[in-house]
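Let's see this in three dimensions:
(chains A and B)
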Amino acid sequence: MSTRQFGQPIKRNEDPRLLTGRALFTDDVQLDGMLHAAFLRSDLAHALIHSIDVEGASRRPGVAAVYTAGDLGEFWQPGPLLVPPPPVEQLEFHQRTQVPLAKEKVRHAGEAVAMVIAESRYLAEDALDDIFVDYEPLDAVTGLEAALSEGSPLVHEDLGHNIGARVTQTKGNWTQAEAEADLVIRRRFHYDRGTAAALENRGIVASWDEKGQRLTVWDTTQAPIAIRNGLAAMLGLSEHQVRVIAPFIGGGFGPKIMMFYPEEVLLAWATLLLGRPVKWIEDREENFYATTQERGQVHDAAIALKGDGTILGIKDSFIHDAGAYAPYGLTVPLSSQCTLLGPYVVPSYHSEFSSVFTNKPIVTPYRGAGRQHGVFVMERLMDAAAKELDIELVEIRRRNLIPPDSFPYNNEIIFQDFTPLVYDSGNYEPALDRALQLIGYQEFIREEQPRREANGERVGIAVVNYIEGTGIGPYEGARVTVEASGKVSVATGVGTQGQGHYTSFAQVVAEQIGVAVSDVHIVTGDTDLFYWGAGTFASRGAVVAGNAMHAAAVKVRGKILKLAGDKLEAAEEDLELIAGRVQVKGVPETSISLGQLAAEANPMRGAVQPGTEPGLEATEYFGPERGATASGVHAMILRVDPETFTLEIEKYVVVHDCGTVINPLILEGQIQGGVAQGIGNAFYEQLHFDENGALRNASLMDYLLPTATDVPNIVSDHVETPSPLNPLGVKGAGEAGAIPVGALFAQALDNAYRDIGLEVREIPLSPNRLFELVTEASAGEIV
Amino acid sequence: MKPAAFDYFAPGTLDEALGLLADYGGDAKPLAGGQSLVPTMNFRLAQPAVLVDLNGIDELFFIREEDGGLRCGAMTRQRSVERSPLVQRISPLLYEAMPHIAHSQIRNRGTIGGSLAHADPAAELPVLAVALDARMYVRSVTDARWVAARDFYVGLFATAMLPDEMLVEVAFPALPPGSGWAFDEVARQHGNYAMCGAAAVVGLDGRGVVERARLVYLSVGEGPVEAEQAEALLVGEQPNAEAIRAAAETAATQDVDPVGDIHAGPAFRRHLSRVIAERVLTRAIERATEANRQ
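You can find the predicted model right below:
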């Protein structure tokens, strides 16, 4: 091929539409006769419901219907368990999933109690004020340790405790490692909740066509196919009677793959009953309660080392906050458990966790999905060990990196996809060296920092490593079609939430078919256009759907060459695909356009040969044997105002290895966005629940998202260690930017305050918290 | 997040607006820039039965010089104040502080009168009004009166105005010659409500001794908080670093008694009160010293 498109920084096909407001989002869907839903949500986090009076609301003009749990009959069912517990010995697991509308009891603030459907959202919200719920408030469970304590209030009484699951995974022999160690360090770490705060909140439009006997649902979901299958089953419809469209979505980040949200099942149910389309658009306040959240964990961790810094083992015991229900199984805590090991040789590992129910909104994966905690614990332990052993903290990391000739590297425990945690490939030291070089580590430590500190400044530097399990199964598929126009259309089941799929997927296909990327039209997330698939999550779109595209495109390429060979009377190996044409190599005058070939492949007369298919089309699927392990290094120089404890990030470096790069521009965007979310998580964003489970900052006025003035331009570079697990050699990149930022902030702050021995053991931080920690450390108190 | 139903009036004159306030009393809310009122209504925390939209009343939009001081109509956009050469010349403290108010998009819509009348303890304009000895012109159908800024603020989101009264104009007197001034605040992010902030105005006599001192805080009390003990401590002193430190310490320990919120606890707010006081007093004194030299 004359010009390669795969691997090039091609501008995104979808951006003109997105930037000029011509892309379809769920709230853009306007249908005749459409009704609007609003939900009455509990102000209390934990309360019994004695009665609900909807009389006044039902009588309000413009109200079509008011529903409570009692009106749902057989349709009222707890949601499905999305991910069953992993095959780990002696695992304890108690399934409790969310319900469409609370019956008898509410278990978190914001849980939906009633649904009003009216002619407008305004009228629907007016009617909410007319509903009276007789609650009996109960004490709430908010703290993780409190949830496990004797006599704690119970989120699910029938369980008799608040434990959702207990899992222990081990490798080697921790007891022996501890006995043989020259040094054992123990620490307690806290990580608190935030919310993904996607630019677009959730939204659903459900429309039942009585004459066509079909249900169409526009939904801001990351998994339209699974939603279709579930809705069909719940409503007693054939899957072919249900079409779910996930149009453009303003950010997914994980919470939009939760299913089924109560609103998803209720709107579909209501449109069938009412015979009119129903719309619900989540508002920002609802998003703070009704969309899932993440990140509450408390870790008690220990590391055993030899005197030279070699890790002998790690023991970690942690509590994971599942929230009021746990529909997503153990994905998040398993991910914490597995990611902790990082790029290091850890011969012995004992990790146990309890997942606990609390009276707080539901926890499901949010960008990073538990990986943040693992990285934070590991990197903090390394920092503490480096200090204790008086080894430079880059050096102690270097000494423990998995050598490049050790791959595939088996960590012997079970990952979130239930396959053994085996790193497919990796080469960690070059990335570390590159990051040190880009941040100017040695110059900063030797010259800049002492000079600036002499002037009264507080500046710190940090460098941390992480790995990211990506691109897990089960599978995705793609259909590639060359149309008579010569353009190529591609359909896949995964939805798109801003990842640039319309471009990166197009590059994968264009590479095989020999057309311009702009001539490849991608359709994602419409169940009528592609039937099979799992969804967009776990940094798997490029890996799994990308390789399905590749497989389908390779097959279509074969069909093109065969047909062109016949037409041009040439051997297939003598042909090449260039700029939308097939030509005899080096003989451009002997060529045929793809459009003409496509037309020939779909003849109006004559007979298609037995055993062949019409058209230049192929559908292929790809399912990786297990996930591909990406890795990276983040480094940062941070300045602290020593009086106000506000921060300025002076330099931020990411060196990342996600295998073969499809589009460096898109990759850079993923990294930049992820780091922004990581910065928010580390220093700005925190959900403040009071002891009654009420959220004190359910608005963007008090929940601080990082803004342009808080997020620096990121210097990024790549190391490419292809994955052997898929033909393209790609690994996922969606979460990498967000994962190690907390650990990085902690190390940089420790470094800036090393004179007073600051040791940060929690995330998120804030100027207020930093003031407290520095005050305590200055006074020589234990933090 | 949709507001409850309300009646909406868009009067074209001040008299009409005052008439509507007289008719509806406490049920009516004047709508200025809407940057606080509209979100509050969308959360249904406020459900006024009547909105009196002031955006069509041309006579409330002005900035002019009068008696050497500054007069601003209540509906003057904050962005207009921020960009006014007149404000820069007559009231440099106000000019310096304007960019600290929220984000430029909010200042494009937000009005000077709206913010002054809303009396948010974290807002900058009430503090500036008190520090600058501004006077508020308050009118009703039957009455018109001037209220000194320090008497205007009577509590949390509370002013001395009656339900049928409206703030129509504010007068900022020019600073006496030889004055120095400064404003600073610490917010978690640019544009957010500050965890602490303060305005300072200092006047020196011919010998360089502090003759007048004003130090007024935001976000440490129920409204603008004047650090009277710190001010008293400074007056009569040579304005050196030691005196400034002592005044800042007094302000932080004696004059303010902040409560905490999720962004800043009482101890941190008190700490910031000292830091900010030191910063604004130092800057104000530098400027006063410079002014005295000229």
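
residues contacting residue B:226?
Residues in contact with residue B:226 (Cβ atoms under 8 Å, 6 or more residues apart in numbering or on different chains) are B:130, B:150, B:214, B:215, B:216, B:217, B:255. In this view, the C-beta of every residue, glycine as well, is placed from N, C-alpha and C.

and if you look at residue A:230?
Counted by Cβ under 8 Å, 6+ apart, residue A:230 has contacts A:80, A:259, A:260.

same deal with residue A:369?
Applying Cβ under 8 Å, 6+ apart, we find residue A:369 in contact with A:254, A:294, A:331, A:332, A:335, A:416, A:538, A:735.

now swap in residue A:203 and tell me
Per Cβ under 8 Å, 6+ apart, neighbours of residue A:203: A:25, A:26, A:27, A:218, A:219, A:220, A:279, A:280, A:281, A:282.

Please apply the same query to residue B:100.
Taking Cβ under 8 Å, 6+ apart, we find residue B:100 in contact with B:124, B:183, B:185, B:187, B:194, B:197.

Then residue A:771?
So residue A:771 contacts A:645, B:267, B:268, B:271 (Cβ under 8 Å, 6+ apart).

Do the longest strand along chain B and chain A come into contact?
As assigned by DSSP state E, the longest strand anywhere in chain B is strand B:194-204. Yes. Using Cβ under 8 Å from any Cβ of the partner chain, we find that strand B:194-204 touches chain A at residue B:195.

Name every strand pairing with that strand and say which way it goes.
Neighbouring strands of strand B:194-204 in its sheet, by DSSP bridges, are strand B:179-187 (antiparallel), strand B:210-218 (antiparallel).

What count of nearby residues applies to residue B:28?
By other Cβ atoms under 10 Å in any protein chain shown, 23 other residues sit near residue B:28.

hmm, I was thinking of residue A:82
19.

pretty sure it contacts residue A:327?
Yes. Using Cβ atoms under 8 Å, residue A:82 is in contact with residue A:327, at 5.5 Å.

If I look at residue A:540, what pLDDT would I see?
As predicted, residue A:540 sits at a pLDDT of 88.

was I right about residue B:31 contacting residue B:56?
No. With contact defined as Cβ under 8 Å, residue B:31 and residue B:56 do not form a contacting pair (10.6 Å).

So these two - more neighbours on which side?
residue B:31 (21 against 14).

Quick check: that one vs chain A, distance?
Separation of residue B:31 from chain A (Cβ to the nearest Cβ, to the nearest Å): 18 Å.

Show me where the stretch 301-450 of chain A has its strands.
Ranges of strands in the stretch 301-450 of chain A, per DSSP state E, counting those that start in this stretch, are A:311-323, A:348-357, A:409-414, A:420-423.

Kindly report the same for the stretch 501-650 of chain A.
Under DSSP E, counting those that start in this stretch, the stretch 501-650 of chain A gives strands at A:520-524, A:575-578, A:581-584, A:587-593, A:616-622, A:628-640, A:647-657.

Out of those, which gets nearest to chain B?
Nearest of the strands of the stretch 501-650 of chain A to chain B, taken as Cβ to the nearest Cβ: strand A:647-657 at 10.1 Å.

Could you tell me how far that closest one lies from the centre of the chain?
Its chain's average C-alpha position is 21 Å from that of strand A:647-657, according to Cα atoms, centre = their mean, to the nearest Å.

can you check stretch B:231-244 too?
25 Å.

hang on, the earlier thing: would you write out the PyMOL command that picks the buried residues out of the contacts of residue A:230?
Filtering those down to the buried ones (16 or more other Cβ atoms under 10 Å in any protein chain shown) takes a single PyMOL command:
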select buried, chain A and resi 259+260
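
which of the contacts of residue A:230 lies closest to chain B?
residue A:260 (23.9 Å).

Tell me how many other residues crowd the closest residue to that closest one other than its chain neighbours.
Nearest residue to residue A:260, sequence neighbours excluded (Cβ to Cβ, 6 or more residues apart in numbering or on different chains): residue A:79, at 5.1 Å. Counted with other Cβ under 10 Å, the neighbours of residue A:79 add up to 21.

How about the residues of chain B by chain A?
Where chain B comes near chain A, counting by Cβ under 8 Å from any Cβ, the residues are B:1-5, B:39, B:43-44, B:186, B:188-193, B:195, B:262-265, B:267-268, B:271-272, B:275.

before we move on, back to that, looking at the contacts of residue A:203, which are in strands?
A:218, A:219, A:279, A:280, A:281.

By neighbour count, which of these wins?
residue A:219 (30 neighbours).

from memory it sits against residue A:227, does it?
Yes. With contact defined as Cβ under 8 Å, residue A:219 and residue A:227 form a contacting pair (5.9 Å).

who touches both of the two?
A:244, A:264.

Enumerate every residue touching whichever residue of the stretch 151-300 of chain A sits closest to chain B.
At 4.1 Å from chain B, residue A:283 is the closest residue in the stretch 151-300 of chain A, using Cβ to the nearest Cβ. Contacts here follow Cβ under 8 Å, 6+ apart; on that basis residue A:283 touches A:201, B:1.

confidence score at it?
pLDDT recorded at residue A:283 is 97.

what number of residues lie near the closest residue to residue A:197 other than its chain neighbours?
With sequence-adjacent residues excluded and distances taken as Cβ to Cβ, 6+ apart, residue A:197 is closest to residue A:705, at 5.7 Å. Neighbourhood size, residue A:705 [other Cβ under 10 Å]: 17.
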